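> just need the structure, nothing else, for what follows:
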Amino acid sequence: MNDIGSSRMGQFRILAREFKRLSQREGTMIAVIFLPLLFWRRLHDPDLQPQQEIDPSGPAFDRCYGVDTGGVIPISHLAVSEPSWIHGFGYQGVVPDELEALWSDLDIDYPNTVFIDLGAGKGRAMMLAAKMPFKRVIGIEIAPDLCVVAKANFQIFNAHGDCRARTEVRCADASSYEFPHEPLVVFLYNPFGTPTMENVIRNLVASLRAVPRRALVIYIRPELAELWDHVAGFSLVATGARLRIYDYRPTATPDAPPLS
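Sure thing, here's the model as predicted:
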């Protein structure tokens, strides 16, 4: 079988697993109704296609700390009970060099700022952040399987003595996450699709409106950058082929609507 045929067969197998899981959670009738949508998105939506990027510094990071943050895992291979799982993307850890290179260029009051990784996966970005003196580092991950791995990774990582922040891995849906009322760095490594991202934006803006404070959004592989580009109060302060950084200052249009 050629590469295209093999890829299509793989997509059909994943579709079958998605249909089975949706049937178990919502009932066969609902699954049948949604089958055409699942089929179309699985074959045509590039956001749901298996994507594997070159990870030059990832294996070295894992060897250095004895942790497991590598690999590519499609969302359909993970046991997730929340309905919004269908909007999630598969797991792959951020390239360590890519994130570490940003710290020196960012104006962050580390001791008073909380780092939030939405779609934390196995915790690689959290570990990289925890090497900096953040007040806290919190990872939000919808897949229980990945949360177990992330927590095990941190037990190993902490023993190396490089962790400078209090850390927490929470198994939760990012679309309903309530942000802490402290200055924030929100990290996104292309974790989910439009419906979840829109909910995240609304929740974050509502939190910043209720308790005005600084917030930075670091978005790597910003495939949904257009959703952030026009959020009132946020300024685009860095951009590149694989990066957007948005800065929210509490004095900027505090009474503006969350989405323009």
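> make it CA atoms for all contacts and neighbour counts henceforth
Will do.
> could you list the low-pLDDT ranges of the stretch 101-250 of the chain?
Applying pLDDT under 70 to the stretch 101-250 of the chain picks out no residues at all.
> now the helices for it?
The residue ranges that make up the helices of the stretch 101-250 of the chain, judged by DSSP state H, counting those that start in this stretch, are 124-130, 144-158, 194-210, 225-229.
> and those helices: which comes nearest T69?
Smallest distance to T69 across the helices of the stretch 101-250 of the chain (Cα to Cα): 5.8 Å, for helix 124-130.
> packing partners of that closest one?
Secondary structure elements in contact with helix 124-130, counted by 3 or more Cα pairs under 8 Å, 6 or more residues apart in numbering; DSSP states H and E, are helix 96-100, strand 114-118, strand 136-141, strand 166-171.
> tally of neighbours for the closest residue to G121 other than its chain neighbours?
The shortest distance from G121 to any non-neighbouring residue, by Cα to Cα, 6 or more residues apart in numbering, is to L146 (5.4 Å). Each residue near L146 was counted by other Cα atoms under 10 Å, and the total is 23.
> residue contacts, S175?
For S175, the contacting residues are T196, M197, N199, V200, N203, taking Cα atoms under 8 Å, 6 or more residues apart in numbering as the criterion.
> deepest in the core, which of the helices and strands packed on helix 124-130 is it.
Among the helices and strands packed on helix 124-130, judged by mean count of other Cα atoms under 10 Å, the one packed with the most neighbours on average is strand 114-118 (a mean of 26).
> JSON lines please, covering the contacts of S175 and showing distance to L236 and neighbour count.
Conversion of the contacts of S175 to JSON lines gives the following (distance: Cα to Cα, whole Å; neighbours: other Cα atoms under 10 Å):
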{"residue": "T196", "distance to L236": "21", "neighbour count": "19"}
{"residue": "M197", "distance to L236": "17", "neighbour count": "21"}
{"residue": "N199", "distance to L236": "20", "neighbour count": "15"}
{"residue": "V200", "distance to L236": "18", "neighbour count": "20"}
{"residue": "N203", "distance to L236": "19", "neighbour count": "19"}
